[in-house]
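Enquirer: Here is a sequence with its predicted model. Questions after.
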Amino acid sequence: MERSSTLLVHFDKGTPALSNEIKLSLEGNDVPAKVDAMKKAVMLLLNGETLPQLFITIVRYVLPSEDHTIQKLLLLYLEIIDKTDSSGRILPEMILICQNLRNNLQHPNEFIRGVTLRFLCRLSEVDIIEPLIPSILSNIEHRHPFIRRNAILAVMSIYKLPQGEQLLADAPEVIERILAGEQDPSARRNAFLMLFNCAQERAINYLLSHVDQVPDWPEQLQMVVLDLIRKVCRSNRAEKGRYIKIIISLLNAQSIAVIYECAGTLVSLSSAPTAIRAAANTYCQLLSQSDNNVKLIVLERLNELKSSHREIMVEMIMDVLRALSSPNLDIRHKTLDIVLELITPRNVDEVVSTLKKEVMKTQSGELEKNGEYRQMLVQAIHTCAIKFPEVASTVVHLLMDFLGDSNVASAVDVVLFVREIIETNQKLRVSIITRLLDTFYQIRAGRVCSCALWIIGEYCLSLSEVENGISTIKQCLGELPFYTAVEEGDSADASKRPQQVNSSITVSSRRPAILADGTYATQSAASETALSAPSLATGSLTALGNLRSLILSGDFFLGAVISCTLTKLVLRLEEVQPSKIELNKACTGALLIMVSMLQLGQSSYLPHPIDNDSYERIALCIRLLCNTGDEVRKIWLQSCRQSFAKMLADKQFNETKEIKAKAHISHAQPDDLIDFYHLKSRKGMSQLELEDEVQDDLKRATGEFTMAGDDANKLNRILQLTGFSDPVYAEAYVTVHHYDIVLDVTVINRTKDTLQNLCLELATMGDLKLVERPQNYTLAPESSKEIRANIKVSSTETGVIFGNIVYETSNVLERTVVVLNDIHIDIMDYISPAICADVAFRNMWAEFEWENKVAVNTVLQNEKDFLNHIIKSTNMRCLTAPSALDGECGFLAANLYAKSVFGEDALVNISIEKQVDGKLSGYIRIRSKTQGIALSLGDKITLKQKGSS
């Protein structure tokens with residue numbers, strides 16, 4: 001039989017003490033041994049042991065002890081032993097205890113009195129408490145505050161008992177009188193708490209009669225006042241006005257905890273702009289606290305305010321930005337997330353100016369995570385510049401200084417930002433190209449070089465820009481050839497040279513990479529870390545150029561990009577260069593570079609030969625420069641840029657569409673009543689009260705007070721647990737709310753007999769845990785009972801709840817068991833569609849270790865229909881742009897992404913192709929950090945993928 005416990009102590013089950021040993025120690029005179037024995041006895045009792053033989057020993061040898069520690073342990077022992085028999089009557093031996101407690105309440109030592117009073121707070125046996133009441137009341141006016149505060153708590157606990165009002169009929173009057181004259185902060189708090197819980201009207205009258213003194217009350221008392229205000233205002237919303245004034249006055253309190261609670265109470269009770277502004281100001285002041293946990297909690301509150309009161313939060317944007325002074329990355333990330341959603345044309349310049357200053361601070365290199373912080377700032381500035389293109393000119397040149405950043409992720413973000421700005425803001429094209437050509441030699445990462453080369457190839461338009469572009473690339477490649485044939489044949493150096501090159505090749509990578517369309521490719525490329533310069537190859541310059549270093553490390557993908565860039569520049573030179581001699585010279589130089597790269601790739605100078613893709617691409621560039629047609633020139637010089645512009649337009653369109661969809665949620669019906677607040681009586685109402693009334697009327701009109709609840713979707717979540725022919729019918733309504741699952745089970749007695757000791761016994765599989773054990777009930781004939789069971793969830797995976805209904809009837813001696821249907825908790829209740837950048841998706845794909853590969857097996861014959869069916873079945877978002885999925889080619893690859901309520905990421909890649917017979921084949925790959933989500937999502941897809949179109 002499980003019982004309620006008021007005590008929790010850690011217990012090491014390794015070597016449990018024997019009751020005989022405890023008894024011997026208690027009978028001795030050694031005080032430390034007695035203390036140790038009492039601790040062991042308490043722990044054994046807490047873990048289910050009964051130890052009946054110890055009681056008399058404790059009464060004889062422990063009760064008379066004057067040691068304070070022993071007396072405290074004695075009270076803990078008395079707290080947990082059974083004080084009643086099976087019928088609920090007090091045990092006779094408790095009379096001895098009663099006399100001891102009375103003596104303790106009159107003890108000359110304050111500590112003994114105080115701990116005894118605290119013990120009485122946890123006692124529920126009226127027969128023991130009743131004789132002690134005069135002694136308890138005498139302690140309320142004791143000279144020592146420790147005794148007074150515990151005596152008040154004891155009075156409150158006794159008054160809350162079922163028979164408390166008979167035992168202490170005048171307790172509220174006594175406590176109210178004590179409260180009026182009490183000086184000790186804790187005692188005042190306990191007295192007010194007693195009135196709050198037991199005589200709410202008295203507490204309200206006391207509060208309203210001392211309104212002016214509330215700001216000067218001690219912190220503990222102010223916290224209870226806020227609890228009282230919340231409780232009163234929820235039950236009687238019409239009374240809000242006068243209490244909100246009290247909260248506003250407490251916003252200037254000395255205690256941080258009180259200020260925080262005030263702001264939270266204001267937001268929960270009022271929607272008036274003045275109240276929300278005051279709460280937001282308070283939260284922003286709390287951001288100056290040194291504790292990072294406080295800052296994170298406050299930022300979470302500000303984030304909630306942002307979604308419900310955006311206009312007011314926009315005014316606070318610069319105050320929120322002050323949180324960037326914290327060195328903690330989580331705080332900075334959260335701050336930037338909030339700020340980016342509050343940007344308007346009016347404040348964007350101030351925000352960007354602050355972000356620029358933060359970027360410049362990261363150059364100091366004092367903090368180890370400066371690179372990650374800079375990357376976050378770059379992404380934030382990028383977002384600002386896309387929303388408001390006019391600010392791009394103020395930041396783009398500053399950010400271009402970081403193209404050579406040692407943090408490659410940050411450098412990649414900068415170059416992607418530059419690429420987007422140069423397309424969307426044509427006025428900046430010339431200055432960006434000039435700056436890029438000047439700083440190109442500083443770039444050390446292959447990915448950043450590739451993107452920068454694409455920008456040079458697409459946006460160098462004038463004669464001087466094209467010539468500068470070609471000369472910059474040549475300087476960074478160094479002298480040709482990349483090696484000499486003599487060196488290759490030199491057997492003496494052949495063994496050393498690969499080792500020399502290997503020092504820079506150790507950072508190369510041949511792992512499978514996921515391409516933009518979701519397919520796999522094996523890529524031999526430099527790792528995405530800044531490269532140290534490799535050892536010099538013969539024929540190079542004294543200082544190696546960045547492109548030469550990367551190519552000599554085996555990055556032939558970059559070599560292919562260089563070839564394409566040179567091809568575009570030469571083709572554009574044909575349009576702007578009048579001199580044929582100069583044109584032929586540039587064309588010949590470009591061809592020489594390409595041929596040298598092919599020669600290097602096929603030699604034994606490097607340990608890894610050139611890959612086929614890069615070889616074919618470079619060879620295509622050579623053929624193109626040797627024989628160019630008008631159609632091919634148009635594709636190379638115009639189509640690439642048009643495709644990029646279309647991609648940006650699609651991205652912008654999708655973002656705008658999402659914003660419109662969020663803003664288009666309708667809260668009110670066209671035929672709802674309109675309440676003209678101008679016609680309201682304003683007599684005796686302050687501006688704040690009037691605003692609050694108006695906001696309440698608006699909420700009532702928009703259905704915010706009556707929203708949620710009883711829609712038809714509830715019926716879809718009702719599960720039948722037993723059959724219609726069973727003597728007991730049961731059905732459950734399942735509510736999944738983040739970390740909790742609530743089962744509301746309706747049980748109906750369909751028999752003519754009374755069902756006794758009916759119990760709903762549940763068990764779980766997976767990461768589910770029952771919170772409490774359901775009780776026994778008695779069901780009258782043909783009556784019903786609602787039983788609620790709470791279950792905790794600890795991870796995102798499919799779980800199963802199963803169980804029985806057990807009951808007894810007067811006719812049958814044994815218990816009857818009705819087996820219930822299993823309840824399957826769907827993983828779809830925990831995951832929701834989310835957005836993720838391409839770069840972040842690829843990084844996570846490479847990092848996550850759990851992969852579940854599901855073969856495609858479906859009756860659907862259209863690739864897009866199958867993709868839409870999987871998206872709908874898995875509740876995920878397709879990250880692949882719709883434009884990339886256009887057309888009919890018999891092949892489709894797409895990336896899907898979702899996030900769970902526990903913060904776990906779920907990544908899915910679908911690669912399918914249409915066979916000759918019209919059937920679809922391919923694989924769906926699921927990756928996640930944890931095994932549960934990968935397996936559960938795989939099972940869901942396997943189950944759902946055959947679905948009809």
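Expert: In hand now; what should we look at? Keep in mind it's a predicted model, so treat the numbers as computed, not measured.

Enquirer: Okay, buried residues for the helix or strand harbouring N868 please.
Expert: Assigned by DSSP states H and E, N868 belongs to helix 863-874. Applying a neighbour-count criterion of 16 or more other C-beta atoms under 10 Å, the buried positions in helix 863-874 are 863, 866-867, 869-871, 874. C-beta: built from backbone N, CA, C; applies to glycine.

Enquirer: quick one: furthest residue from the center of this structure?
Expert: Distance from the C-alpha centroid of the chain peaks at I581, with 63.1 Å (C-alpha atoms, centre = their mean).

Enquirer: For that residue, which three-state class applies?
Expert: Secondary structure, DSSP: H, G, I helix; E, B strand; the rest coil: I581 is helix.

Enquirer: how close does D36 get to V42?
Expert: Distance of D36 to V42, given as C-beta to C-beta, to the nearest Å: 11 Å.

Enquirer: Just give the nearest non-adjacent residue to E465, would you?
Expert: I433 (5.6 Å; C-beta to C-beta, 6 or more residues apart in numbering).

Enquirer: contacting residues for that neighbour?
Expert: 422, 455-456, 459-460, 465 (C-beta atoms under 8 Å, 6 or more residues apart in numbering).

Enquirer: quick one: which of those is most hemmed in?
Expert: The most neighbours of any of these, using other C-beta atoms under 10 Å, belong to C460, which has 26 neighbours.

Enquirer: Quick check: the residue farthest from the centre of the chain vs T588, distance?
Expert: Relative to T588, and taking C-beta to C-beta, I581 is found at 11 Å.

Enquirer: What of N749?
Expert: Using C-beta to C-beta, one obtains 97 Å as the distance from N749 to T588.

Enquirer: of these two, who's got more company?
Expert: The neighbour count for N749 versus T588, taken as other C-beta under 10 Å, is higher for N749 (21 against 12).

Enquirer: what is that one paired to in the beta sheet?
Expert: Applying DSSP bridges to N749 gives these bridge partners: V728.

Enquirer: Neighbour count for D36 and V42, which is higher?
Expert: V42 (20 against 15).

Enquirer: ok so, going back, quick check: neighbours shared by I581 and T588?
Expert: Residues touching both I581 and T588 by C-beta under 8 Å, 6+ apart: none at all.

Enquirer: Surely the residue nearest to E465 is in a helix?
Expert: Yes - the assignment for I433 by three-state DSSP puts it in a helix.

Enquirer: That one and G469, how far apart?
Expert: Taking C-beta to C-beta, one finds I433 at 8 Å from G469.

Enquirer: Also T394?
Expert: 26 Å.

Enquirer: and these two? which has more neighbours close in?
Expert: Neighbour count, other C-beta under 10 Å: between T394 and G469, G469 has more, with 26 against 14.

Enquirer: Could you check which helix or strand contains that one?
Expert: Short version, using DSSP H and E: G469 is in helix 463-477.

Enquirer: tell me what that helix is packed against?
Expert: helix 429-439, helix 446-459, helix 546-552, helix 556-576, helix 580-602 (3 or more C-beta pairs under 8 Å, 6 or more residues apart in numbering; DSSP states H and E).

Enquirer: ok, and which of those helices has the densest surroundings?
Expert: Among the helices and strands packed on helix 463-477, helix 546-552 has the highest mean neighbour count (mean count of other C-beta atoms under 10 Å), at a mean of 25.

Enquirer: Is the closest residue to K306 other than its chain neighbours within a helix or a strand, and which one?
Expert: The spatially closest residue to K306, leaving aside those adjacent along the chain, is M313, at 4.7 Å (C-beta to C-beta, 6+ apart). Element membership of M313 [criterion: DSSP H and E] is helix 310-315.

Enquirer: Repeat that for D36.
Expert: Secondary structure (DSSP H and E) places D36 in helix 31-46.

Enquirer: Give me the buried positions along the helix or strand that comes right after that helix.
Expert: Sequence order places helix 54-61 as the next helix or strand after helix 31-46, per DSSP H and E. By neighbour count on 16+ other C-beta under 10 Å, the buried set for helix 54-61 is 54-55, 57-58, 61.
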